[in-house]
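*Asks:* When you get a sec, could you give me coordinates for this:
(one chain, ligands or ions: 1)
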Amino acid sequence: MASEQELIAKASAMLDMAYVPYSKFPVGAALECEDGAVYTGCNIENASYGLTNCAERTAAFKAVSEGHRRFRRIVIAGRCEDYCWPCGACRQVLNEFGGPQMEVVCLNGKGDAVRLTLGELLPHGVDSVWLGN
Ligand code: THU
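*Replies:* Numbers count the residues shown, from 1 in each chain. I've put the predicted structure just below:
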């Protein structure tokens, strides 16, 4: 299991990989799976704006596409003043594989952290894997 500091370092390093020519708002993520595997992600924008993929979903899709379907924790890094909160779409995607107990660590540009569960961020999320389907 990675330490929180290691995950913070990995999420922060991903800020430099973000492809953000339109928003200039880089986001980095480090996702820890139940088996200890760690996948990173960054946001990837597109000239067709709606095709943008958030950092959290980049990391989630990398993990699932490599066979990891149970998530334990995610660290989300940004350079902004406020904490880098996951958007609604990412909350729902994380819920699919992490469930309400998943830990979410949101960082601000100074490196301060807020720790929440996904259930706090997404009450009553739609769920199938965690119902055993
Ligand atoms: N973004 C993320 O990558 N994750 C979030 O949690 C919030 C938003 C990205 C999408 C877009 O590239 C930029 O941040 C501005 O919304």
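*Asks:* Leaving out chain neighbours, which residue sits closest to the residue nearest to the spatial centre of the chain?
*Replies:* Of all residues in the chain, the one closest to the mean position by Cα atoms, centre = their mean is Glu56, 3.0 Å from it. Closest residue to Glu56 apart from its sequence neighbours, by Cβ to Cβ, 6 or more residues apart in numbering: Cys90 at 4.0 Å. Placement of C-beta: from N, CA and C, glycine included.
*Asks:* tell me what the helix or strand harbouring Arg73 is packed against?
*Replies:* According to DSSP states H and E, Arg73 maps onto strand 71-78. Helices and strands touching strand 71-78, as assessed by 3 or more Cβ pairs under 8 Å, 6 or more residues apart in numbering; DSSP states H and E, comprise helix 4-13, strand 27-33, helix 55-65, helix 88-98, strand 103-107.
*Asks:* For Tyr39, name its beta-bridge partners.
*Replies:* Under DSSP bridges, the beta-bridge partners of Tyr39 are Leu31.
*Asks:* tell me the contacts of it?
*Replies:* Counting by Cβ atoms under 8 Å, 6 or more residues apart in numbering, Tyr39 touches 30-31, 33, 59-60, 62-63, 66, 68.
*Asks:* Check the gap between Trp85 and Val75 for me.
*Replies:* 13 Å (Cβ to Cβ, to the nearest Å).
*Asks:* what does this protein have sitting close to the ligand?
*Replies:* Within the chain, the residues that sit near the ligand (Cβ under 6 Å from any ligand atom) are 20, 23, 25, 27, 43, 45, 52, 54-56, 84, 86-87, 90.
*Asks:* Buried only: go through these for me.
*Replies:* Buried by 16 or more other Cβ atoms under 10 Å: 27, 43, 45, 54-56, 84, 86, 90, out of the residues of the chain next to the ligand.
*Asks:* which stretches of the protein have low pLDDT?
*Replies:* The chain contains residues with pLDDT under 70 at 129-133.
*Asks:* go with 80
*Replies:* Applying pLDDT under 80 to the chain picks out residues 128-133.
*Asks:* How many residues are close by Ala2?
*Replies:* Other residues within reach of Ala2, judged by other Cβ atoms under 10 Å, total 17.
*Asks:* and what of Leu51?
*Replies:* 9.
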